[in-house]
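J.: Only the shape, not the letters, is given here:
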């Protein structure tokens, strides 16, 4: 299946206690390369996130940005500086013993003491299990959306690659025809040359005929054309299959380019040479497109 490695997706889920957002951005890359931006509370979730991603994405550089917002109300906590209260009580006891004051130290007296009370807000410890479950759900939502976009982009790539493949197939047919014509022309030239050599009393007719056969055989490109067509048929099968095929298509392009180079070295005639140059240009354009196929 032709699927692009370029995509973007956002997913959000909310509960009474949590709000989770996931943003995904993907671009082409030779392998699966995942980059994370996670809040502190979700750092421990990274191995599980990667396992989920690997079930949905096989190739590309993927940026994962996650935000987790806890909605629990803070609980006020009041602390009393016990050391300060004890010091004040001891001072009052000493003053009472000296007859300076009368009566005990009352709670109201303590509350009026500066800095004896410290009020702060406290939150319950985060429930990592609940956070992890919600994050997993949101990540799957985002990955499904991302792959929908990548498949849509892949349809455009598939159309372009099908057009290039059809052009390449026409070039292969033209190469076969040009090679056949060039071989016939070559044989005529060689036969004419043989007739000239027969006038030479020292020329061995059998040896001359053998060299003619070898020369013509060296320009035969039938096997390369057969392999080239087989590679193109394999391409069609991979592109229509359900599995990601970018790496295999890239390998097939290398093999097709190798066959075209061999044809260029063996084929006779200027027309065949021109067709080889055009075929290599088509293969290069296909290679550029395949670099973005998952």
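T.: Right, received. Where do you want to start? Given the structure is predicted, the values throughout are model-derived calculations rather than measurements.
J.: Next, residue 22: secondary structure please.
T.: strand (DSSP: H, G, I helix; E, B strand; the rest coil).
J.: how deep is the residue lying closest to it once chain neighbours are set aside tucked in, by neighbour count?
T.: Spatial nearest neighbour of residue 22, chain neighbours left out: residue 142 (4.4 Å); criterion: Cβ to Cβ, 6 or more residues apart in numbering. Just so you know, the C-beta spots here come from the backbone N, C-alpha and C atoms, and that holds for glycine as well. Neighbours of residue 142 under the rule other Cβ atoms under 10 Å: 23.
J.: what does the model give residue 142 for pLDDT?
T.: At residue 142, the pLDDT value in this model is 97.
J.: Which helix or strand contains it?
T.: Residue 142 belongs to helix 128-198 when assigned by DSSP states H and E.
J.: How far off centre is that helix?
T.: On the basis of Cα atoms, centre = their mean, to the nearest Å, helix 128-198 sits 20 Å off its chain's mean C-alpha point.
J.: picking up where we left off before, now for the residue nearest to residue 22: which residues touch it?
T.: For residue 142, the contact set (Cβ atoms under 8 Å, 6 or more residues apart in numbering) comprises 9-11, 22-24.
J.: Mind checking what secondary structure the residue nearest to residue 239 when sequence neighbours are not counted has?
T.: Spatial nearest neighbour of residue 239, excluding adjacent residues (Cβ to Cβ, 6+ apart): residue 2 at 5.4 Å. Put simply, residue 2 is coil when judged by three-state DSSP.
J.: and residue 238, what is it in contact with?
T.: Taking Cβ under 8 Å, 6+ apart, one finds 245, 248-249, 252 in contact with residue 238.
J.: Name the next helix or strand downstream of the one helix or strand in the chain whose mean pLDDT sits lowest, please.
T.: Here the helix or strand of the chain ranked lowest by mean pLDDT, DSSP states H and E is helix 205-218, holding a mean of 58. As assigned by DSSP H and E, the chain's next helix or strand after helix 205-218 is helix 222-240.
J.: What residues of that next one count as buried?
T.: In terms of neighbour count (16 or more other Cβ atoms under 10 Å), helix 222-240 has its buried residues at 224-225, 228-229, 231-232, 235, 238-239.
J.: now the angle from that helix to helix 128-198?
T.: Counting by axes from the mean of the first three to the mean of the last three Cα atoms, to 10 degrees, helix 222-240 points 160 degrees away from the direction of helix 128-198.
J.: residues of the helix or strand that comes right after helix 222-240 that come out buried?
T.: For helix 222-240, the succeeding helix or strand toward the C-terminus, using DSSP H and E, is helix 246-266. Neighbour-count burial for helix 246-266 flags 246, 248-249, 252-253, 256-257, 259-260, 262-264, 266 (criterion: 16+ other Cβ under 10 Å).
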